[in-house]
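Asks: got a predicted structure plus its sequence, pasted below:
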Amino acid sequence: MNITLRQLQAFTGVYRTRSITRAARELGITQSAASLLIQQLEAQLGVKLFDRSTRSVQPTLAADEAFHAAERMLSDAQGLSRRMRDLAQARAGRVAFLASAGTASALLPPVLAKFRASHPDIEIDMRDVAADDLVPRLSATDAEFAIGSVEGEFADLTIETLTSGRLSAIGRRTADFAARRSLTWDELAQLPTIAMRRESRIRMQIDQALGAQGKRLDPTYEVTLINTALAMTAQGLGLAILPATMLPADQFPTLIARPLVRPAITRPVSLLQRQGRTLSPAAQAFVTTARAVLAGRMVPTSG
């Protein structure tokens, strides 16, 4: 049985109006076309729906039974059509994605705020995870994409840089520190510092870059979480060594970043997607917003 929506529309129209002519007019088709739709539906259902005469069209008991079910089916189809239009135009839906903890804290709040303002009816499911978990979690969950810093290439992923930040010395806004345009790593070595632990991706990148120049980082403190480093810096315990993009100014208004040079080290924040997978309209709208907002955070890499 292959009942069409057009057949149901013709049936409900004739049932309500008791007239094939009026029902055809409402549907924008000819009277003969409406009659054919009714005949096809009757043949598929195996019952007679209307008793026809030259003067009237009267529903049968079978039509009385079928009418409310047909109305529900048409209503469901119309609701589905509206829902799909809303999804296609990113007016509704859900976006699930992963973000590294540092990115979620420092970079994504303004993205989330802008997206919420323009897409208030889209559900956001952001899962903040350790940077090392981005790739395995993206492959194993229903998250559509991930945002964070990764190294290397992955055969089943596409990686797009959204923004990048210079490795910087982050300190309190004192007159002396604010007056500096930059610090060398040799100058930094003479000061108390707070670095990420050796097993972290940021630290491994630093150690590799310094090692290539015969230098070595020997921090005063080592921590696991970026926010811990920033909180300790806010208390005057030392300069945090982090990408400038990882400093959320609204959360730590007393801190400022000064780029580290000789060597200058840049750390990108990227969008990770599975190859061959189409983003939902809601996810695509979020990615578009993230690109626009984070492009304004791009830090120059020269100098």
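Replies: Now that the structure is in, tell me what you want to look at. Numbers count the residues shown, from 1 in each chain.

Asks: in terms of pLDDT, where does Arg82 sit?
Replies: Arg82 is assigned a predicted lDDT (pLDDT) of 69.

Asks: could you do Asp207 as well?
Replies: The predicted local confidence for Asp207 is 96.

Asks: number of nearby residues for it?
Replies: Asp207 has 15 neighbouring residues, counting by other CB atoms under 10 Å. C-beta coordinates here come from the backbone N, C-alpha and C atoms, glycine included.

Asks: leaving out chain neighbours, which residue sits closest to it?
Replies: Leu217 (6.4 Å; CB to CB, 6 or more residues apart in numbering).

Asks: quick check: Arg262 touching Thr184?
Replies: Yes - look at Arg262 against Thr184 with CB atoms under 8 Å: they come within range, at 4.6 Å.

Asks: ok, and what's touching stretch 53-72?
Replies: 8, 11-12, 14-15, 18-20, 45, 47-51 (CB atoms under 8 Å, 6 or more residues apart in numbering).

Asks: quick one: which of those residues is nearest to Leu237?
Replies: Leu8 (72.4 Å; CB to CB).

Asks: residues in contact with stretch 29-48?
Replies: 1-3, 6-8, 10-11, 13-14, 20-21, 23-24, 27, 49-50, 60, 62, 66.

Asks: let's see that with 6 Å instead.
Replies: 1, 3, 7, 10-11, 20-21, 23-24, 49, 60, 62 (CB atoms under 6 Å, 6 or more residues apart in numbering).

Asks: likewise for stretch 285-296?
Replies: 90, 95, 110-111, 114-115, 119, 162-163.

Asks: please redo it, this time with the cut-off set to 8 Å
Replies: Contacts for stretch 285-296 (CB under 8 Å, 6+ apart): 90, 95, 97, 107-108, 110-111, 114-115, 118-119, 122, 124, 145, 147, 162-163, 269, 271, 279.

Asks: break this protein into its domains for me.
Replies: 5-89, 93-296 (the TED database).

Asks: low-confidence ranges, the stretch 201-303 of the chain, go.
Replies: Scanning the stretch 201-303 of the chain with the threshold set as pLDDT under 70 gives 297-303.

Asks: all helices of it, in order?
Replies: Assigned by DSSP state H, counting those that start in this stretch, the helices in the stretch 201-303 of the chain fall at 201-211, 226-234, 281-295.

Asks: if we can go back for a sec, and the residue nearest to Asp207, what does it touch?
Replies: 185, 189, 193, 195, 203, 206-207, 210, 241.

Asks: just the buried ones from those, in PyMOL syntax?
Replies: Entered in PyMOL, the line below selects the buried ones among the contacts of Leu217, by 16 or more other CB atoms under 10 Å:
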select buried, resi 185+193+195+203+206+210+241
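
Asks: in the contacts of Leu217, find the pair that's most separated.
Replies: Ala189 and Arg203, at 15.4 Å, using CB to CB across the contacts of Leu217.

Asks: from the contacts of stretch 53-72, pick the one nearest Gly171.
Replies: Leu8 (70.9 Å).

Asks: need the CA coordinates for the longest strand along the chain. PDB is fine.
Replies: Using DSSP state E, we find that the single longest strand of the chain is strand 157-172. Extracted in PDB, the C-alpha atoms of strand 157-172 (Å, rounded to 0.1, in the frame of the first residue of the first chain):
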ATOM      1  CA  LEU A 157      40.200  14.000  10.300                       C
ATOM      2  CA  THR A 158      40.400  17.400   8.700                       C
ATOM      3  CA  ILE A 159      42.100  20.100  10.700                       C
ATOM      4  CA  GLU A 160      41.500  23.800  10.200                       C
ATOM      5  CA  THR A 161      43.300  26.500  12.200                       C
ATOM      6  CA  LEU A 162      40.700  28.900  13.700                       C
ATOM      7  CA  THR A 163      43.200  31.100  15.600                       C
ATOM      8  CA  SER A 164      46.700  30.900  17.000                       C
ATOM      9  CA  GLY A 165      48.500  32.400  19.900                       C
ATOM     10  CA  ARG A 166      52.100  33.200  20.700                       C
ATOM     11  CA  LEU A 167      53.600  31.500  23.700                       C
ATOM     12  CA  SER A 168      53.800  34.300  26.200                       C
ATOM     13  CA  ALA A 169      54.800  35.300  29.700                       C
ATOM     14  CA  ILE A 170      51.600  36.200  31.500                       C
ATOM     15  CA  GLY A 171      52.000  38.400  34.600                       C
ATOM     16  CA  ARG A 172      50.300  41.000  36.800                       C
END
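
Asks: partner strands of it, parallel or antiparallel?
Replies: strand 239-243 (antiparallel), strand 255-261 (antiparallel), strand 266-274 (antiparallel) (DSSP bridges).
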